[in-house]
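In: please find the sequence and the predicted model below.
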Amino acid sequence: MMIRLQAGTARPAAITLLVDGSPLSAPEGEPLATALGASGLLRLRDSPRTGAPRGAFCFMGACQECLVHVDGIPRQACMTPVRHGMVIERRGMP
Amino acid sequence: MSRQADLIVLGAGPAGANAAIAAAGAGLSVVLLDEQDAAGGQVWRAPWPGLVREARSSEARDGDRLRARLAASRVEALFGRRIWSVTRSFHVDAIGPGGNETFTAPRLVAALGAHERVVPFPGWTLPGIVGLTAATVLLKSHAVLPGQRVMVAGCGPLLAAVAAAIVKAGGTVAAVADLASPRDWPAATPLLATRPRLLAQGAGWVLKLAAGRVPVYFRHGVACAEGSGQVERVTLAPVDADGRPCGGVATVIKADALCVGHGLIPGAEITKLLRARHVYDRRRGGWVPELDAFGRTSLPGLFAIGDGAGIGGAASAELAGKLAGLVAAKDAGALPADAFARMAPPLRRKLGRLSVFSAAMARMMSLRAAQVAVIAADTVICRCEDVTRREIDAAFEAGAREVNQLKHFTRCGMGPCQGRMCGDVAAQLLAQRVGSREAVGHWTGRPPLRPVALDALIGDFDYGDIPIPEPAPL
């Protein structure tokens, strides 16, 4: 689980998004992969060929491992800021 | 609709932003495009918009200064733009917040930075395992620790920087595993002495780790990572100077995160796409464009600078950027030859002084061939397509002699990362059988450079707008 640093750090107010049907609270604008990681959700999808668990790897938009569905569209979680009411689905998971 | 400029700069890191500022200062109209929300690249990446951080490192201040200089310049800097196509006449397509945008200019500077090399080991695809560069992004831009107990492994200056930053932020580093020996760091010290601030940072990390009582395993690599659904344990094993396991006692470390990296690979995708001439240079990270002393490639009007043109670090990238910006302005006729003759030599002298340091850093991060040679047969090499080493070896047996053949035979490099994660190691595996990296080549550059969503390309498209010719009479 990722841990948000607190000292000398100020974040926007929390918003709520839905992740696989469950509400999750995170500061508005935080990158989605980090918002999920800070809630202990590191496994974002399973690999298409062997079904092995995968999560965010490069955090700069290159590796495509953090792909999740955001409001029905595949997006890179490391490049997507969280907004109130966003619906996240980790498809391709058992 | 396309927008015309005198110069397009792709990438707003230390190289690209400085090129843009220098060229605009000399009178060119400059468009600067970057995928992130702000300038700085990965090395000086800004906190995400909305996040406010008080405690600022010297790197963060460097980034703030660059962003302030850019804001005060006449550069048209556009962020949140994903570049997906560039033609040889410098027609650039990018997906932005409002859909697709097209830019054209007679000159183009590619400053795309680097991505990380991770030499695969069993379990490296588990969630909770991230690159060292990813870890720096988490720490400085996202203000999070990668985990509760973090293992840090690999080689080069990023290893030290990540471990020290976690300790400084109050996190727990379970252990550090460095492929280098303790003697390798002092050996680099006379070279580091040409850059006193970086020397201080290097000494600083050792002190911080000692104060945090972090065990440091020199000459150790990751043998495997294990866990159910995410990383839980990391096994370390002693290695020789080439990165080859040399027997000895394995050590199992409990960790819920592993930050691992084995150097940087130049992001030379634009120069490859535009078919500029390249050379393989292991010490500068891999395939790099052939350049003259001012950053010009073999394609007239195309420049390549910064880590994307060969790993050299941020300080060199800044200078190469300033120089390329001035050269572009001179070539365009905006900067008089006498002004250029006055401005360029000091930059070239500084760049020359830095080159020794840059080479030393790049060498610590260059590929250790033996580390690739010992990858186990069942280990995944291509993450996107789950292609194992066994399949790559089988492709060689079946006749693949060049990386694009390997791709066709196995799908290695054909997934959504477009070979960025696996390309260097896959080519090295094939080169070990074929004979050389030059012989096996590199992936052919093709658009789209990055995956783009069709809805963003289509925009407000209407089928009724398609002019359909009348069918031929029967």
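Out: Nice, thanks for sending it over.
In: quick check, the residue in chain B closest to chain A?
Out: Of all residues in chain B, residue B:127 sits closest to chain A, with a separation of 2.9 Å (C-beta to the nearest C-beta). C-beta coordinates here come from the backbone N, C-alpha and C atoms, glycine included.
In: return the residues in contact with the nearest residue to that residue once chain neighbours are set aside.
Out: If the residues on either side of it in the chain are set aside, residue B:127 comes closest to residue A:55, at 2.9 Å by C-beta to C-beta, 6 or more residues apart in numbering or on different chains. Contacts of residue A:55 were listed using C-beta atoms under 8 Å, 6 or more residues apart in numbering or on different chains, and they are A:37, A:42-44, A:65-66, B:126-129, B:230.
In: 10 Å - rerun?
Out: When the contact criterion is C-beta atoms under 10 Å, 6 or more residues apart in numbering or on different chains, the partners of residue A:55 are A:33, A:36-37, A:41-45, A:65-66, A:77, B:125-130, B:229-231.
In: show me the strands in chain A, by range?
Out: In chain order, chain A shows strands spanning A:3-4, A:9-10, A:14-19, A:22-27, A:45-46, A:53-54, A:67-70, A:73-76, A:87-89, with DSSP state E as the criterion.
In: quick check on the residue in chain A that chain B sits nearest to: phi, psi?
Out: Taking C-beta to the nearest C-beta, chain B has its nearest neighbour within chain A at residue A:55, 2.9 Å off. Recorded main-chain torsions at residue A:55 are phi -150, psi -180, according to degrees, to the nearest 10.
In: who's in contact with the helix or strand hosting residue B:405?
Out: Assignment of secondary structure by DSSP states H and E places residue B:405 within helix B:403-410. With C-beta under 10 Å, 6+ apart as the contact definition, helix B:403-410 has outside contacts at B:381-382, B:385, B:387-388, B:391-392, B:394-396, B:398-400, B:402, B:412-414, B:419, B:422-423, B:426-427, B:429-431, B:434, B:437, B:439-444.
In: just those that are near chain A?
Out: Contacts with chain A are made by B:382, B:385, B:387-388 out of the contacts of helix B:403-410, judged by C-beta under 10 Å from any C-beta of the partner chain.
In: ok, which pair from these is furthest apart?
Out: Taking every pair in these and measuring C-beta to C-beta, the maximum separation is 10.1 Å, between B:385 and B:388.
In: outside of stretch A:10-23 itself, list whatever touches it.
Out: Contacts of stretch A:10-23 (C-beta under 10 Å, 6+ apart): A:4, A:24-30, A:32, A:35-36, A:39, A:41, A:68-70, A:82-91, A:93, B:47-54, B:143.
In: can you give the distance of that stretch from its chain's centre?
Out: Its chain's C-alpha centre and that of stretch A:10-23 lie 10 Å apart, by C-alpha atoms, centre = their mean, to the nearest Å.
In: could you report the distance from the residue of chain A closest to chain B to residue A:80?
Out: Taking C-beta to C-beta, to the nearest Å as the measure, residue A:55 falls 15 Å from residue A:80.
In: for residue A:37, same thing?
Out: Applying C-beta to C-beta to residue A:37 and residue A:80 gives a distance of 13 Å.
In: what touches both of the two?
Out: Common contacts of residue A:37 and residue A:80 (C-beta under 10 Å, 6+ apart): A:31, A:66.
In: which one of these two is surrounded by more residues?
Out: Neighbour count, other C-beta atoms under 10 Å in any protein chain shown: between residue A:37 and residue A:80, residue A:37 has more, with 31 against 18.
In: what about the closest residue to that one other than its chain neighbours, neighbour count?
Out: Here the nearest residue to residue A:37 in space, its sequence neighbours aside, is residue A:2; by C-beta to C-beta, 6+ apart that works out to 3.9 Å. Residue A:2 has 26 neighbouring residues, counting by other C-beta under 10 Å.
In: show the contacting residues for residue A:2.
Out: Under the criterion of C-beta under 10 Å, 6+ apart, the contact list for residue A:2 reads A:33-42, A:56, B:128, B:130, B:138, B:142, B:144-148, B:256-257.
In: for the chain, give me the ranges with low pLDDT.
Out: Answering for chain A, as no chain was given. Along chain A, segments meeting pLDDT under 70 span A:92-94.
In: was after chain B, sorry
Out: Scanning chain B with the threshold set as pLDDT under 70 gives B:1, B:55, B:183, B:185-208.
In: my read: residue B:373 touches residue B:240, true?
Out: No - shown here, residue B:373 and residue B:240 do not form a contact pair, counting by C-beta atoms under 10 Å, at 12.0 Å.
In: what values do phi and psi take at the residue nearest to the spatial centre of chain B?
Out: Note on chain B: the residue nearest the mean C-alpha position is residue B:114, at 1.4 Å, using C-alpha atoms, centre = their mean. The main-chain torsion angles of residue B:114 are listed as degrees, to the nearest 10 and equal phi -130, psi 160.
In: who in the stretch 251-400 of chain B is up against chain A?
Out: Residues of the stretch 251-400 of chain B lying near chain A (C-beta under 10 Å from any C-beta): B:256-257, B:267, B:380, B:382-388.
In: tell me the two of those residues that are most distant?
Out: Comparing all pairs in those by C-beta to C-beta, the longest separation belongs to B:256 and B:267, at 30.2 Å.
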